[in-house]
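> Attaching a predicted model along with its sequence, questions to come.
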Protein chains: 2
Amino acid sequence: MRQSELFSRTYKEDPKDEVSVNAKLLERGGFVYKNSGGVYSYLPLGWKVIRKISAIIREEMNAIGGQEMLMPALVEKKYWDKSGRWDVGIGFEVKGKEEKTPGFVLGWTHEEVLTDIVSKYISSYQDLPFAAYQIQSKFRNEPRARSGLLRGKEFIMKDLYSFHVSLEDMFRYYNEVKGAYEKIFKRCGLKSIYTTAAGGDFTFSNTHEFQVESPAGEDEIVLCRLCNFAENKEISKNKGGDQCPECQKGVLDKIKTIEVGNIFPLGTKYSEAFNLQFVNKDGKKAYVVMGSYGIGLGRVMGTVSEIHHDEQGIIWPESVAPLKVHLLAVGEMTSSLKKQADIAYNKLAKAGIEVLYDDRAQVHAGEKFYDADLIGLPVRLVVSEKTIVQEKLEVKHRNEKETKLMKLEEIIKTLS
Amino acid sequence: MRQSELFSRTYKEDPKDEVSVNAKLLERGGFVYKNSGGVYSYLPLGWKVIRKISAIIREEMNAIGGQEMLMPALVEKKYWDKSGRWDVGIGFEVKGKEEKTPGFVLGWTHEEVLTDIVSKYISSYQDLPFAAYQIQSKFRNEPRARSGLLRGKEFIMKDLYSFHVSLEDMFRYYNEVKGAYEKIFKRCGLKSIYTTAAGGDFTFSNTHEFQVESPAGEDEIVLCRLCNFAENKEISKNKGGDQCPECQKGVLDKIKTIEVGNIFPLGTKYSEAFNLQFVNKDGKKAYVVMGSYGIGLGRVMGTVSEIHHDEQGIIWPESVAPLKVHLLAVGEMTSSLKKQADIAYNKLAKAGIEVLYDDRAQVHAGEKFYDADLIGLPVRLVVSEKTIVQEKLEVKHRNEKETKLMKLEEIIKTLS
């Protein structure tokens, strides 16, 4: 991708109306655009990050048997009436101009919708267990949305739901999902902490959150760094400085965290509301046992930028970087510089390496280096009259200080 | 994918509340589920079709330099005020419970939003031209939604927008998009007719539609089958039976059609509304010239099922089929049958061929053949005691009548 053709561009100044680090960096880098409070557009570079995160999530969900589907955002009143969630106030109400009362709520979660769908197809224990998921925009009436991508009115979410004959089987799968989530966050460059949390009004027991330590976090947890015992402060009987109740050895830290995922053992709340029953091995009817499991993709992207940055900009982990290499043609754009940089771009592209090529003719070296740090691709390559003389390119990793000169063929070999 | 694990299943009976062929076939085959009038869920098989269509569209959009991004569905009132479209009545209004008046309309198109975004980044003729697109759920207050996937309240759309220094350059790109659209529909198995249509209230000249001939169509066009002259009946001065005004040779047919795509020369309507100006080569300010270009993905899927089916079910073109092969284990599920069918499934999967494997133990042969025709994957493979004896599999293409016996290795060779 040629930077001269990219319609977004970078900004030196922090946006005036943003307080969070992630929003400042992502807006300045041209990854997102703020349309309204809590409502963002993903610009081409930002959308590439979301697509990388989606691909990782999809791989791990498919690996544990998740079936991908898509449910609507428009959720009719009848669904929420059955579960009693119409009045929660968290949903946006939707109505056509000619209608007196809203007919839909915008889905902020899809337990109701999927339970209803599934009741058409499930009748026997032989139809269970299974799990289905979607990656979709969700909506939440969030009056104070000031944390950039961490808390929005509209946000992209992966929501997985599982269906079982028994609590035992549900918890077996719950544990599989836990493993898949740990892989996902690790692959995205995040160190997640598996944290026990409150059940809320729609689960029958404790739930679990995947928390990432960050001063930008809106949550607080107590954590034993020795045995990984972790509880959300909201439910914990322990406080920072206490002895760990689990291993009896460590001392609990109280830390700020960002919740990047959560998993809920739902039990039979929704299957009872939607009369989702199955006939078990003994020929008797029973309610299906359910679990639900969520990850916010924009929130993962926001968290990555909160965790991985320095004064100059973002430092994308390779797995979720929009592209792998930033190739800069530096210096006066003579025909020989242009030619050599074009050759490098074409050879890298041919080798299947994703390159952002800063081919802009009237932009000074300093600005190109500034942009490369702000955008934060993992590898920076420089072509200049100086490197051309040596028949090499200058290589620098975003997370390292040293630069070195290497032949293009060597570079391609190490990057492929 | 094992059919025994797929949570959806097929139905023999037409759904009671559907009149359109596409909705009947797609619901019976387990591709979609109707949540409300005009609101559908894509079940795992149906979602695979949408993903195939997305991939084709994405390839062709990228090939003409389209930059993928994502804009929000929540579009604030300020956007529509500027263009004067708030009162069109086509949009769903959105409000939080505590709010007295709606703050958002659900986007049914994104000219306003993108023009606003772009005005942050574009200032010179050197920033032009460029084009950006998204694949996203759109919303439209459609009181009579009775055509299944052809007309919905919520629908997935690809919308591309282009930005230019002049009308001339816009029409140059308009023609490129026309070519890309023709490729997309052809690749999806649809014969599209490039049709001149009315401008509507937000374009300055005629627009163009891509129409597919079908008795299910809600549009009517006049068409010369000799020279491909085509006009939407709404604007045509000609009627069926008239001599073609273009080639003066053919006779015009009046036919029913489904509109699967449309392209609009927007001119400067939106750039004027949002003050999107650029400095041209002479140092003077001018308004950016725009075009917009849409394809409904669900509508393409619905149209494919309207065009490609017989009495037994859908006949998916290979390019958009959810999977390529339907492998049936037919007969009493003995250990030898199961073993041979499993081997075939694993070898096909290993060769990278997408297989739906009907491994259901207690389902009779007749039902498996019935399902295979209804679901309509391009190639049906049968393993039975009879084929095992011959060390072969029975092969049948969904769009052919003959069956033949072939060795697995040969089959893999022809399918890879």
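Perfect, I can see it now.

> Now do the helix or strand of chain A with the lowest mean pLDDT: which elements does it pack against?
Across the helices and strands of chain A, mean confidence by mean pLDDT, DSSP states H and E is lowest for helix A:77-83: a mean of 88. Other helices and strands packing on helix A:77-83, by 3 or more CB pairs under 8 Å, 6 or more residues apart in numbering or on different chains; DSSP states H and E, are strand A:104-106, helix A:111-118, helix A:269-273. C-betas here are computed from N, CA, C, even on glycine.

> mind putting those in JSON lines, distance to chain B included?
Below are the helices and strands packed on helix A:77-83 laid out as JSON lines (distance: least, CB to the nearest CB, whole Å):
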{"stretch": "strand A:104-106", "distance to chain B": "7"}
{"stretch": "helix A:111-118", "distance to chain B": "5"}
{"stretch": "helix A:269-273", "distance to chain B": "14"}
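
> hang on, the earlier thing: residues in contact with the least confident helix or strand of chain A: which ones?
With contact meaning CB atoms under 8 Å, 6 or more residues apart in numbering or on different chains, helix A:77-83 is reached by A:86, A:91, A:102-105, A:111-113, A:116, A:202, A:269-270, A:273-274.

> Please parse chain A into its domains.
Following automatic domain parsing, one finds the domains of chain A at A:21-222+A:253-310, A:325-415.

> Quote the end-to-end distance of the shortest one.
In domain A:325-415, first residue to last residue: 9 Å (CA to CA, to the nearest Å).

> now that domain: how far from the chain's centre is it?
Its chain's average C-alpha position is 29 Å from that of domain A:325-415, according to CA atoms, centre = their mean, to the nearest Å.

> quick one: average confidence on that domain?
What domain A:325-415 shows for mean pLDDT is 97.

> and the angle from the top strand by length along chain A to helix A:111-118?
What stands out as the longest strand in chain A, according to DSSP state E, is strand A:252-267. Counting by axes from the mean of the first three to the mean of the last three CA atoms, to 10 degrees, strand A:252-267 lies at 30 degrees to helix A:111-118.

> got a list of what residue A:91 touches?
A:75, A:80, A:85, A:105-108, A:139-141, B:97.

> same thing but at 10 Å, please
A:75, A:80, A:85, A:102, A:104-109, A:139-141, B:96-97 (CB atoms under 10 Å, 6 or more residues apart in numbering or on different chains).

> Ok, residue A:175 next?
Residue A:175 makes contacts with residue A:263, as judged by CB under 10 Å, 6+ apart.

> quick one: which helix or strand includes it?
Using DSSP states H and E, residue A:175 sits within helix A:167-187.

> any idea which element residue A:196 lies in?
Judged by DSSP H and E, residue A:196 forms part of strand A:193-197.

> how far out from the middle of the chain is the next helix or strand after that strand?
Following strand A:193-197 in sequence order, the next helix or strand is strand A:207-213 (DSSP H and E). Taking CA atoms, centre = their mean, one finds strand A:207-213 lying 14 Å from the centre of the chain it belongs to.

> For strand A:207-213, name the packing helices and strands.
The contact analysis (3 or more CB pairs under 10 Å, 6 or more residues apart in numbering or on different chains; DSSP states H and E) places strand A:207-213 against helix A:167-187, strand A:193-197, strand A:219-224, strand A:230-232, strand A:252-267, strand A:289-296, helix A:297-307.

> what about the first one, distance to the chain center?
On the basis of CA atoms, centre = their mean, helix A:167-187 is displaced by 17 Å from the centre of the chain it belongs to.

> Fine by me, we can end here.
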